[in-house]
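Asks: My questions concern the predicted model and sequence given below.
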Amino acid sequence: MSNRLNLTHRPRRLRQNASIRGIVSETSLRPMNLVQPFFMVEGTGVREPISSLPGQFRLSVDELEKAVLKCRDVGIPAIALFPKINDADKSEDAKAAYDDNGLVPMAIKRLKSIVPEVLVIGDIALDPYSSLGQDGIVEDGVILNDETIEVLVQQAICQARAGVDMVAPSDMMDGRIGAIRQGLDKAGFQDVMIMAYSAKYASSFYGPFRDALDSAPRGGADKKTYQMDPANSKEAIYETTLDIEEGADIVMVKPALPYLDIVRDLATSLTTPIAAYHVSGEYAMLKAAALNGWLDDDACMLESLTAIRRAGATMIFTYAALDLCERGLIR
Ligand code: PBG
């Protein structure tokens with residue numbers, strides 16, 4: 001005790017108990033900051049576990065409805081839908097993407113009639129419907145940008161007719177946000193919001209998602225020809241700026257943790273809300289380590305999500321949303 005220094009600055013004073021730590025905390029993580037993604041399949045009473053995403057299931061619409069009611073009850077404001085399409089309905093032109101009787105429009109109708117307060121975010125991209133697992137129309141090994149956009153606009157209008165609140169183009173074609181905005185407006189859907197997957201990287205962290213949807217690319221083209229190069233950051237500003245000029249209401253960075261510098265860059269240079277997608281591989285890594293007894297997945301998940309918020313994300317897409325909120329770990 002005698003050799004105690006007479007320090008004026010002791011940052012640890014503000015860490016000595018939970019109350020003071022709470023009151024000086026800069027970052028909040030609440031249910032209202034989260035979006036729960038769901039995988040869907042045809043049928044009734046289906047809850048198919050996804051082996052590379054422990055705790056996640058492919059749900060039929062009736063099961064999806066129960067899960068979305070739980071989201072409402074814990075205060076999660078939005079969900080995102082990703083369909084697993086039967087092989088027989090996949091084609092090179094991906095025309096099932098704008099079938100009014102398809103899985104997604106039917107689910108949107110049902111959810112909006114039963115749980116209208118939860119926002120439904122519809123994915124706009126062709127990969128679940130493409131027999132090649134590509135986000136666009138392929139010809140001679142190249143994704144055709146402008147031809148793809150025409151299909152994406154139809155897909156967005158189809159979901160808008162079903163009552164979707166927000167469409168989220170995740171395809172990375174050039175000019176699709178403007179075309180979708182115009183298409184929606186012309187069809188009378190001025191209030192349907194657009195969340196642009198603007199800085200979507202050509203990432204290897206999407207593996208478990210592609211297992212869940214059976215949407216891994218089977219030739220056709222290289223996703224690196226449309227998704228962003230992980231080496232680049234200035235391009236993220238360019239892409240988001242274009243998307244905002246074209247009418248995006250919210251922009252997204254994806255994946256999240258390896259790209260927190262991008263989240264921060266955008267949060268300091270833009271005024272639009274920013275979404276970050278804590279993707280399937282990021283979730284799977286934590287679950288796999290926990291199954292081996294190597295990490296505390298709850299603690300690591302909360303730390304990851306807090307870090308994503310701290311970097312500047314307004315909202316986070318995470319597979320862990322409902323589970324963490326239901327167990328009171330986020331409230
Ligand atoms: C494709 C899409 C992907 C994800 C969301 N939309 C994968 C891809 O580009 O192949 C990945 C999400 C995740 O990994 O959780 N439109």
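Replies: In hand now; what should we look at?
Asks: outside of the lengthiest helix in the chain, which residues touch it?
Replies: The longest helix of the chain (DSSP state H) is helix 145-162. With C-beta atoms under 8 Å, 6 or more residues apart in numbering as the test, helix 145-162 has contacts from 93-95, 97-100, 102, 104-106, 108-109, 112, 122, 124-126, 135-137, 139, 167, 169, 171, 173-176, 179-180, 182-184, 187, 189, 192. In this view, the C-beta of every residue, glycine as well, is placed from N, C-alpha and C.
Asks: Those also near the ligand: which ones?
Replies: Taking C-beta under 6 Å from any ligand atom as the test, the ligand is in contact with Ala125, Asp135 out of these.
Asks: and the contacts of helix 145-162, which of them are in helices?
Replies: Those of the contacts of helix 145-162 lying in helices (DSSP H): Val104, Pro105, Met106, Ile108, Lys109, Lys112, Arg176, Ala179, Ile180, Gln182, Gly183, Leu184.
Asks: what about the helices in the stretch 151-300 of the chain?
Replies: Applying DSSP state H, counting those that start in this stretch to the stretch 151-300 of the chain gives helices spanning 176-186, 207-213, 234-246, 260-269, 280-291, 297-311.
Asks: Just the buried positions in the fifth one, please.
Replies: Translated: helix 280-291. Ser280, Gly281, Glu282, Tyr283, Ala284, Met285, Leu286, Lys287, Ala290 (16 or more other C-beta atoms under 10 Å).
Asks: near the ligand, from those?
Replies: Counting by C-beta under 6 Å from any ligand atom, the members of those near the ligand are Ser280.
Asks: Might one say that Lys109 is in contact with Gly163?
Replies: Yes - at 6.0 Å, Lys109 and Gly163 qualify as touching, with contact defined as C-beta atoms under 8 Å.
Asks: that older thread, max pairwise distance over the ones in helices among the contacts of helix 145-162: which two?
Replies: Met106 and Gln182 (26.3 Å; C-beta to C-beta).
Asks: For these two, indicate the residue with more neighbours.
Replies: Higher neighbour count among Met106 and Gln182: Met106, with 17 against 13, using other C-beta atoms under 10 Å.
Asks: The closest residue to the more buried one other than its chain neighbours: what's it in contact with?
Replies: Leaving aside its chain neighbours, Met106 sits nearest to Val61 (6.5 Å; criterion: C-beta to C-beta, 6 or more residues apart in numbering). If you count contacts by C-beta under 8 Å, 6+ apart, Val61 has them with Met40, Thr44, Leu103, Met106, Ala107, Arg110.
Asks: residues in contact with the fifth one?
Replies: When you say that, I think you mean Ala107. Ala107 touches Met40, Val61, Leu64, Leu81, Pro83, counting by C-beta under 8 Å, 6+ apart.
Asks: In terms of pLDDT, where does it sit?
Replies: If you check Ala107, the pLDDT there is 98.
Asks: One more: the first one?
Replies: Among the per-residue scores, Met40 holds a pLDDT of 98.
Asks: hang on, isn't it packed against Ile85?
Replies: No - using C-beta under 8 Å, Met40 makes no contact with Ile85, being 9.6 Å away.
Asks: any common contacting residues for the two?
Replies: Common contact partners of Met40 and Ile85 (C-beta under 8 Å, 6+ apart): Leu103.
Asks: Tell me how many other residues surround Arg58.
Replies: Number of residues near Arg58 (other C-beta under 10 Å) recorded here: 24.
Asks: Check whether it sits in a helix, strand or coil.
Replies: strand (DSSP: H, G, I helix; E, B strand; the rest coil).
Asks: measure it to Tyr98 for me?
Replies: Here Arg58 is placed at a distance of 22 Å from Tyr98 (C-beta to C-beta, to the nearest Å).
Asks: Could you do Asp191 as well?
Replies: 20 Å.
Asks: Mind jotting down where the strands sit in the stretch 1-150 of the chain?
Replies: 34-40, 47-49, 57-59, 78-83, 119-124, 138-139, 142-143 (DSSP state E, counting those that start in this stretch).
Asks: quick revisit: redo the contacts of Val61 as CSV? Include distance to Leu322.
Replies: Shown next, in CSV, are the contacts of Val61 (distance: C-beta to C-beta, whole Å):
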residue, distance to Leu322
Met40, 15
Thr44, 21
Leu103, 20
Met106, 22
Ala107, 17
Arg110, 18
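Asks: Closest one to Ala236 out of the residues you listed, please.
Replies: Closest approach between those and Ala236, by C-beta to C-beta: Met40, at 30.0 Å.
Asks: for the closest one, what are its contacts?
Replies: So Met40 contacts Arg58, Leu59, Ser60, Val61, Leu64, Leu81, Phe82, Pro83, Lys84, Leu103, Val104, Ala107 (C-beta under 8 Å, 6+ apart).
Asks: Name the nearest of those residues relative to Ser304.
Replies: Nearest member of the contacts of Met40 to Ser304, counting by C-beta to C-beta, is Phe82, at 21.0 Å.
Asks: need the contact list for the residue lying closest to Asp296 once chain neighbours are set aside.
Replies: In space, Asp296 comes closest to Ala290 once its chain neighbours are excluded; the distance is 6.9 Å by C-beta to C-beta, 6+ apart. Shown in contact with Ala290 (C-beta under 8 Å, 6+ apart): Asp296, Asp297, Cys300.
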